[in-house]
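**Q** give me a 3D structure for the following:
(2 chains)
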Amino acid sequence: MNSGLKSLRGSAAIAGVATFGCGEAHGFTEMELLVRSARAAVADAGLKMSDIDGLCTASVGSTMWTMPVVEYLGIRPSFIDGTMVGGSSFIAHLLPAMHALQSGQCKAVLVCYGSTQRTASFGRREIAQARRWMDPQPYETPYEPFNPPSAYALAASRHMHQYGTTRRDLAEVAVAARAWARLNPEAFSRDPLSIDDVLNARMVSDPLSVRDCCLVTDGGGAYVLVRADRAKDLPKKPVYVLGNGTAVWNRQISSMHDLTVTAATQSGRDAYAMAGLGPKDMDMAQLYDAFTINTLLFLEDLGFCKKGEAGAFVQGGGIAPGGHLPVNTNGGGLSCVHPGMYGIFTLIEAVRQLRGEAGDRQVAGAQTALAHGNGGTLSSQSTAIFGTFETL
Amino acid sequence: MTELHKDTGVFAQHQAALAEGQFFIQKCGDCAQHIYFPREICPHCGSDALSWVAPSGQGTVYAVTTVRRKAADGGDYNVSLIDLDEGPRLMSRVEQLQPDAIHIGLRVRARVVVTEGQGRVVFDAIDGGAV
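**A** Model prediction:
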């Protein structure tokens, strides 16, 4: 990592966060979910929309999404970032925004997202067809992988083969996520879930059952990033960005060099180096769990355990409430919310936890949090490390 | 070994060969690594001195999944990642075996299937999948 990045450690803080329409949002467009989230996040920051002069967003469907969002909000930003690396985008937006704040290019950056993936009439089947032309993968599509699940299933098959990881280990991840979700009134799936429920669920792409796969929901999320010196004068307790790193090594799962090692090894290394902290310093981890195998891979690649040992790490409720590391305390993409791209919700949960606003699921005394986004089919990875004032 | 034509891109050349039942991968004239999927430049060293080579066709299943599909739609099917003996990895299917008989480490051999003018590389177990 460029040592100059260390000077950005703690230079910016999340001043506002909000979600809207998580679950089912009948009668809303994606833009409306985004805008209601954005307005609430700006209000949470104690700012007005006219104070926003930086805008970051991304959309699965629209390749020029920053423009209609700027138009709808009625702002004229001097910093615009439409970086689209899938579900990790909204974590990856952090570092460029920090540069822009530090240089004075802008003073308040709004990062926002909305999706009606669950209720939209132009559904997943149509989008999958359109993507064959808009985003061709001619060396995989002819074999009809049921993606994204099949790509993650291939990774899971390899992890099981190399390290003896079992379907029961994967099920532990889903059960832990559900146990957290049961403490979160905003979570979409709050019914009890057992290991056997996961093991006996309908198979989608072996070794993954439908309970190893994330939800398909609607939802919007937004946050506001300002310079640290400004954040301390705003109403909410600032949550400081201590580190951020983003890495992409491939697009197609078939181009991964090792299906058990993701680019999170690089994004995590860079984020930790910028923060001057390591995995042992993290009070919690919010990991993009599109599938149960993700959580295992990221626990290893982000250094919470050694490669191949995540199965043992999660056994016996290791990442559930009362376990040795709080992971996905909102219930994650598996049980809380997953509207197409989940990354921004890892950050929002980290902020709520570090503010002490997490209610029944609050991690007592938490001062640090890691939020990790994943995009594509284990294709992009972005890691962020957050801390309270005490960690500066 | 066949030099790349410079008058079309490698995608069209590769598709044309597949449509004639031929499976080619690439080899870099500078770093000697084999390459798949086909590219205009070597992803290992950046060279454009790439040639087409016929692989041995033999490989090993590196990762495996069974995609579940209703019987009415054709039933379950295999999707695998195959490591060619030359090194490159590709997505494909292992055919002529039940999906649950296909496992990591299985030795396989490539075959090109041509349907409606489009070629596609699939694999069969060597020795019928005996372990």
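
**Q** could you use CA atoms for every contact and neighbour count after this?
**A** OK.

**Q** list the contacts for whichever residue of the stretch 201-350 of chain A sits closest to chain B?
**A** At 4.5 Å from chain B, A:Ser205 is the closest residue in the stretch 201-350 of chain A, using CA to the nearest CA. Going by CA atoms under 8 Å, 6 or more residues apart in numbering or on different chains, A:Ser205 touches A:Phe146, A:Pro149, A:Ser150, A:Ala153, B:Thr65, B:Thr66, B:Val67, B:Arg68.

**Q** nearest to A:His324, of the residues you listed?
**A** Set against A:His324, the nearest of these by CA to CA is A:Ala153 (26.9 Å).

**Q** verify the stated contact: the closest one with A:Ser209.
**A** No. If you go by CA atoms under 8 Å, A:Ala153 and A:Ser209 don't touch, sitting 9.5 Å apart.

**Q** give me the more crowded residue out of the two.
**A** Shown here are A:Ala153 and A:Ser209; by other CA atoms under 10 Å in any protein chain shown, A:Ala153 has more neighbours (30 against 23).

**Q** can you pull the pLDDT of that one?
**A** On pLDDT, A:Ala153 comes in at 98.

**Q** ditto for A:Ser121
**A** A:Ser121 carries a pLDDT value of 75.

**Q** could you report the neighbour count for the residue of chain B found nearest chain A?
**A** In chain B, no residue comes nearer to chain A than B:Val67, which is 4.5 Å away by CA to the nearest CA. Number of residues near B:Val67 (other CA under 10 Å) recorded here: 24.

**Q** dihedrals phi and psi, it?
**A** phi -80, psi 120 (degrees, to the nearest 10).

**Q** compute the distance between it and A:Thr260, please.
**A** In this view, B:Val67 and A:Thr260 are 20 Å apart by CA to CA, to the nearest Å.

**Q** setting aside sequence neighbours, what's the nearest residue to A:Pro148?
**A** A:Thr377 (6.2 Å; CA to CA, 6 or more residues apart in numbering or on different chains).

**Q** coming back round to it: most neighbours of all the contacts of A:Ser205, which one?
**A** For the contacts of A:Ser205, neighbours tallied by other CA under 10 Å; top is B:Thr65, 32 neighbours.

**Q** what sits up against the strand or helix carrying that residue?
**A** Element membership for B:Thr65 (DSSP states H and E) is strand B:58-67. The contact list for strand B:58-67 (CA under 8 Å, 6+ apart) reads A:145-146, A:150, A:153-155, A:157-158, A:204-207, B:76-85, B:99-100, B:102-110.

**Q** what residues sit buried inside it?
**A** Neighbour counts over strand B:58-67 (16 or more other CA atoms under 10 Å in any protein chain shown) mark B:Gln58, B:Gly59, B:Thr60, B:Val61, B:Tyr62, B:Ala63, B:Val64, B:Thr65, B:Thr66, B:Val67 as buried.

**Q** now do stretch B:30-41
**A** The neighbour-count criterion (16+ other CA under 10 Å) identifies B:Gln33, B:His34, B:Ile35, B:Tyr36, B:Phe37, B:Pro38, B:Arg39, B:Glu40 as the buried residues of stretch B:30-41.

**Q** do stretch A:192-201 as well
**A** By neighbour count on 16+ other CA under 10 Å, the buried set for stretch A:192-201 is A:Leu193, A:Ile195, A:Val198, A:Leu199.

**Q** can you redo the residues you listed as a markdown table with distance to A:Asp270 and pLDDT?
**A** Output for these, formatted as a markdown table (distance: CA to CA, whole Å; pLDDT from 0 to 100):
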| residue | distance to A:Asp270 | pLDDT |
| --- | --- | --- |
| A:Leu193 | 36 | 98 |
| A:Ile195 | 35 | 98 |
| A:Val198 | 35 | 98 |
| A:Leu199 | 36 | 98 |
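
**Q** among these, name the ones in helices.
**A** Applying DSSP state H to those, the entries found in helices are A:Ile195, A:Val198, A:Leu199.

**Q** I'd say the last one and A:Asp169 touch.
**A** Spelled out, that is A:Leu199. No. Assessed by CA under 8 Å, A:Leu199 is found out of contact with A:Asp169, at 10.2 Å.

**Q** get me the contact residues on chain B for chain A.
**A** Chain B comes close to chain A at residues B:37, B:62-68, B:79-81, B:89-93, B:104, B:120, as judged by CA under 8 Å from any CA of the partner chain.

**Q** hmm, back to that, buried ones only from the contacts of strand B:58-67, please, as a PyMOL command.
**A** This is the PyMOL syntax for the buried subset of the contacts of strand B:58-67, where burial follows 16+ other CA under 10 Å:
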select buried, (chain A and resi 145+146+150+153+154+155+157+158+204+205+206+207) or (chain B and resi 76+77+78+79+80+81+82+83+84+99+102+103+104+105+106+107+108+109+110)
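
**Q** among the contacts of strand B:58-67, name the ones in strands.
**A** Among those, the members found in strands (DSSP state E) are A:204-205, B:77-84, B:107-110.

**Q** can you give me the neighbour number for A:Gly120?
**A** Just so we're on the same page, residue A:120 is Ala rather than Gly. Counted with other CA under 10 Å, the neighbours of A:Ala120 add up to 16.

**Q** for it, give its distance to chain B.
**A** Separation of A:Ala120 from chain B (CA to the nearest CA, to the nearest Å) stands at 24 Å.

**Q** tell me the contacts of that residue?
**A** For A:Ala120, the contacting residues are A:Thr29, by CA under 8 Å, 6+ apart.
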